[in-house]
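Engineer: Need coordinates for the following:
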Amino acid sequence: MTVDEIVAELLLDRVDFIKIDVEGGELGVLQGAETTLLRHQPLLLFEVNVFCLWRYGRTLPQDLLAWVRQRYSYTAAIDNEGTVTHIEGDATVNHVLHLLGTGSGVIDVIASNDPIGVTTNNLKSDAP
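Structural biologist: The predicted structure follows:
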């Protein structure tokens, strides 16, 4: 079942948050949630794993990011160090692709239609 079908079947009148971690099938899940995303505009969090995206979804990370950026006003990438990169245009998309290519190949992406107030300083802990 798609997200849109589940939301309709459960008669949900609001959806505030969607988290997706489906090892490469993210674009398919998002496409099956398009009505929900447009109607409810939930905060969206998903993983981008370059290997899985291509292996299982035949999706390029830039295509996934472009699809999300067409539907959400604000996006940011969070790498495995907790560094937040606000994706504000093609130059930042290229920077994020560089991070994927030179790092672990995995990042998280957060998307919202409201400004994203997450910064690197909010994520790092002072605890040993």
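
Engineer: Just the helices from the protein, written as ranges.
Structural biologist: With helices called from DSSP state H, the chain shows them at 3-9, 26-31, 34-40, 50-57, 61-69, 90-102, 120-123.

Engineer: so which of the ones you listed gets nearest V84?
Structural biologist: For the helices of the chain, the distance to V84 is smallest for helix 120-123, at 5.0 Å, taking CB to CB. For every residue, glycine as well, the C-beta is placed using N, CA and C.

Engineer: Can you report how many residues neighbour I6?
Structural biologist: Using other CB atoms under 10 Å, I6 has 14 other residues around it.

Engineer: And the helices of the chain, which one averages the lowest pLDDT?
Structural biologist: Lowest mean pLDDT within the helices of the chain: helix 120-123, at a mean of 56.

Engineer: To V15, which of the helices of the chain lies closest?
Structural biologist: Nearest of the helices of the chain to V15, taken as CB to CB: helix 34-40 at 4.1 Å.

Engineer: list the buried ones in the closest one?
Structural biologist: 36-37, 40 (16 or more other CB atoms under 10 Å).

Engineer: on that earlier part again, using JSON lines, please lay out the helices of the chain together with distance to G82.
Structural biologist: Listed next are the helices of the chain as JSON lines, based on distance: least, CB to CB, whole Å:
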{"stretch": "helix 3-9", "distance to G82": "28"}
{"stretch": "helix 26-31", "distance to G82": "21"}
{"stretch": "helix 34-40", "distance to G82": "26"}
{"stretch": "helix 50-57", "distance to G82": "19"}
{"stretch": "helix 61-69", "distance to G82": "20"}
{"stretch": "helix 90-102", "distance to G82": "13"}
{"stretch": "helix 120-123", "distance to G82": "4"}
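
Engineer: and of these, who's closest to T83?
Structural biologist: Judged by CB to CB, the one of those that comes nearest to T83 is helix 120-123, at 5.1 Å.
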